[in-house]
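> Output the structure for:
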Amino acid sequence: MFGAPLVSPDAGPMPGVPLQQPQNLFRFGEISIWSSQLHTATTPLQSGTFRLFSTPIGNQGQGFGNALSISETNLKEGGRVPSGVAYDVFGVAAQVLDSTSTGDTGTLSNPIVAPAIVGDLLNIINNGILSWDFTQTQVDICPVMLAGAGGGAFGAVATADTGTPVTTGTLQNGNGGVWMYRKHPVALPGQSTFAIVLRYGSRAAAISAANSIAVRVVLMGYYKNIIEIG
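Presented below is the predicted three-dimensional model:
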């Protein structure tokens, strides 16, 4: 029959067609957000509290005397998800970086092989605790050793050759085998203010002399953005 729709008899009723164009669309994606805290030489960590995700790129803060670059953070505004989108966090990672200097002018990629630096690494991952800070509410996340790590120090160590250390690898705080929030993401609504605090217990030692250690915390998650089209 002319004009009859070609529909299978088992297809059920045809869906209704909206009379108006949609006014907006939702865009989803997976991104990561990161922020870093620098502990310079001899910094006391005992019962200390350090606030991350509060200093945006291009500004000084979080232990850095120089402006933070893209390696240290990708925040455009302190305490807010970039672009103000809603963000669901399904993973938290923490990386310990060594610069072997008394400030933040050196590279943050030196191998962690010397005994004093390995001690700093173990001191941080065994005594550091990550917590959410939502303005007036703090919620503990986990010890640093469980944030994208697995506990302990892993990797090759330096060997001695005629009295000169030969770097054969680097010690780090794991390989990303453990992630928090794998089943129940943490929702950060658009334009909400948040931070993560890095806290240390009363038995944490000070950073060793002549070393600077940075802790970079990475949030992995999904964003949801509304695109106005009408």
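> mind checking how far the nearest residue to Ala206 once chain neighbours are set aside is from Phe50?
For Ala206, the nearest residue in space outside its immediate sequence neighbours is Pro44; the separation is 4.6 Å by C-beta to C-beta, 6 or more residues apart in numbering. Backbone N, C-alpha and C define where each C-beta goes, glycine included. Using C-beta to C-beta, to the nearest Å, we find Pro44 at a distance of 12 Å from Phe50.
> Who has more neighbours out of those two?
Neighbour totals were compared for Pro44 and Phe50, and Phe50 leads with 19 against 12 (other C-beta atoms under 10 Å).
> Secondary structure class of that one, three-state.
Recorded secondary structure, Phe50: strand (DSSP: H, G, I helix; E, B strand; the rest coil).
> Go ahead and confirm it touches Gly61.
No: the criterion here is C-beta atoms under 8 Å, and Phe50 misses it with Gly61 at 10.6 Å.
> For Gly119, grab the count of nearby residues.
When neighbours are counted by other C-beta under 10 Å, Gly119 registers 16.
> now swap in His184 and tell me
Using other C-beta under 10 Å, His184 is surrounded by 9 other residues.
> Tell me the secondary structure at it.
On the three-state scheme (three-state DSSP), His184 is labelled coil.
> From Gln60, how far out is it?
Taking C-beta to C-beta as the criterion, His184 is separated from Gln60 by 36 Å.
> and if you look at Gly155?
Shown here: Gly155 relative to Gln60, a distance of 32 Å by C-beta to C-beta.
> Of these two, which one has the most company?
The neighbour count for Gly155 versus Gln60, taken as other C-beta under 10 Å, is higher for Gly155 (16 against 12).
> pLDDT below threshold where in the protein?
Screening the chain residue by residue with the criterion pLDDT under 70, one finds the ranges 1-27, 102-103, 149-152, 156-170, 174-179, 225-230.
> where along it do the strands fall?
Assigned by DSSP state E, the chain shows strands spanning 24-39, 49-52, 86-98, 128-134, 137-143, 159-161, 164-166, 186-188, 195-200, 213-228.
> I'd like those strands as JSON lines, with distance to Val118 appended.
Formatted as JSON lines, the strands of the chain follow (distance: least, C-beta to C-beta, whole Å):
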{"stretch": "strand 24-39", "distance to Val118": "15"}
{"stretch": "strand 49-52", "distance to Val118": "21"}
{"stretch": "strand 86-98", "distance to Val118": "10"}
{"stretch": "strand 128-134", "distance to Val118": "16"}
{"stretch": "strand 137-143", "distance to Val118": "18"}
{"stretch": "strand 159-161", "distance to Val118": "14"}
{"stretch": "strand 164-166", "distance to Val118": "12"}
{"stretch": "strand 186-188", "distance to Val118": "32"}
{"stretch": "strand 195-200", "distance to Val118": "18"}
{"stretch": "strand 213-228", "distance to Val118": "11"}
